[in-house]
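Participant: Kindly return the folded structure for what I paste below:
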Amino acid sequence: MFFSDAKRKQVLYYILVGLLANKLFSFNVGALRVKKEAKTDTNVARSFRINATNLKCEHTVPNVIEFFECQLTWRNNRSYSSGSLVLRKPISKLKADVVLDIYQANGRLVNVFNKTVDCCAILSTGKHGLKIFDTFLNVMFATVNERPTCPLKAHFNYTITDFNVPETFLPAYIPKAKFRSGLYLSTSGRRAARVVVLGKVLNSV
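Facilitator: Residues are numbered from 1 along each chain as shown. Model (predicted):
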């Protein structure tokens, strides 16, 4: 491997949080309050940026999900992600498998993170417990059109707009790498939807 397992998991976990804690929510002025809670020095410029290069949203339960789509846009050499979700019926139980894989130099995918979380519990308490994860949850809550809670509403358009990862929330160093991250949602024991993001860590320009 091109760096140790321990180092790989430590630095790339932050990428996971930035791209999936939310499922692609926008970063705006209201979210700047969470900087006070971040462990990293937000005044220090980062020598890297994180760009999503491909974004795909799919669902497999048309009797539960009426509409689910997402898209990438580019402005000023940065990627922004947006999406919409409309349910046909309320959802009171929702779990997610959160996955992060990185590409080695030989092109082989290596898994560095795979965890199942109770989405409804997180939405209810407003936090997960990990500091950096909670920081991005606050960004999500500050920028979604309505803060979601379970049961999730039927026939309501949950909308997320122009999410861009603020690198100042991340460690001062993250190695350049290509990655694939996934959020796999399940309800009532059945896989319902997935969001898959391909991206890369680049030198800032």
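
Participant: if you skip the residues just before and after it, what's nearest to Val98?
Facilitator: Spatial nearest neighbour of Val98, chain neighbours left out: Lys115 (5.2 Å); criterion: Cβ to Cβ, 6 or more residues apart in numbering. For every residue, glycine as well, the C-beta is placed using N, CA and C.

Participant: Now do the one you found: how many residues are near it, please.
Facilitator: When neighbours are counted by other Cβ atoms under 10 Å, Lys115 registers 11.

Participant: Which pLDDT value belongs to it?
Facilitator: Note on Lys115: pLDDT of 86.

Participant: what about it, which SS state?
Facilitator: strand (DSSP: H, G, I helix; E, B strand; the rest coil).

Participant: Leu72 now?
Facilitator: Under three-state DSSP, Leu72 comes out as strand.

Participant: So it is in contact with Gly83, correct?
Facilitator: No - in this structure Leu72 lies outside contact range of Gly83 using Cβ atoms under 8 Å: 10.0 Å.

Participant: in the host helix or strand of Val196, what's buried?
Facilitator: Using DSSP states H and E, Val196 sits within strand 190-203. Residues of strand 190-203 classed as buried: Ala192, Ala193, Arg194, Val195, Val196, Val197, Leu198, Gly199, Lys200, Val201 (neighbour count, 16 or more other Cβ atoms under 10 Å).

Participant: what does the model give the first one for pLDDT?
Facilitator: With respect to pLDDT, Ala192 scores 96.

Participant: want to throw the buried residues of strand 190-203 into a markdown table with distance to Gly126?
Facilitator: Supplementary listing: these in a markdown table, determined by distance: Cβ to Cβ, whole Å:
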| residue | distance to Gly126 |
| --- | --- |
| Ala192 | 23 |
| Ala193 | 22 |
| Arg194 | 24 |
| Val195 | 21 |
| Val196 | 26 |
| Val197 | 24 |
| Leu198 | 30 |
| Gly199 | 27 |
| Lys200 | 31 |
| Val201 | 29 |
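
Participant: tell me which of those residues is nearest to Val98?
Facilitator: Val98 lies nearest to Val195 out of the buried residues of strand 190-203, by Cβ to Cβ, at 10.2 Å.

Participant: pretty sure the residue nearest to Val98 is touching Asp97, no?
Facilitator: Yes - shown here, Lys115 and Asp97 form a contact pair, counting by Cβ under 8 Å, at 7.4 Å.

Participant: and Leu72 and Gly83? which has more neighbours close in?
Facilitator: Neighbour totals were compared for Leu72 and Gly83, and Gly83 leads with 20 against 17 (other Cβ under 10 Å).

Participant: any idea which helix or strand comes after the host helix or strand of Ser124?
Facilitator: Secondary structure from DSSP H and E places Ser124 in helix 119-125. Using DSSP H and E, the next helix or strand after helix 119-125 towards the C-terminus is helix 131-143.
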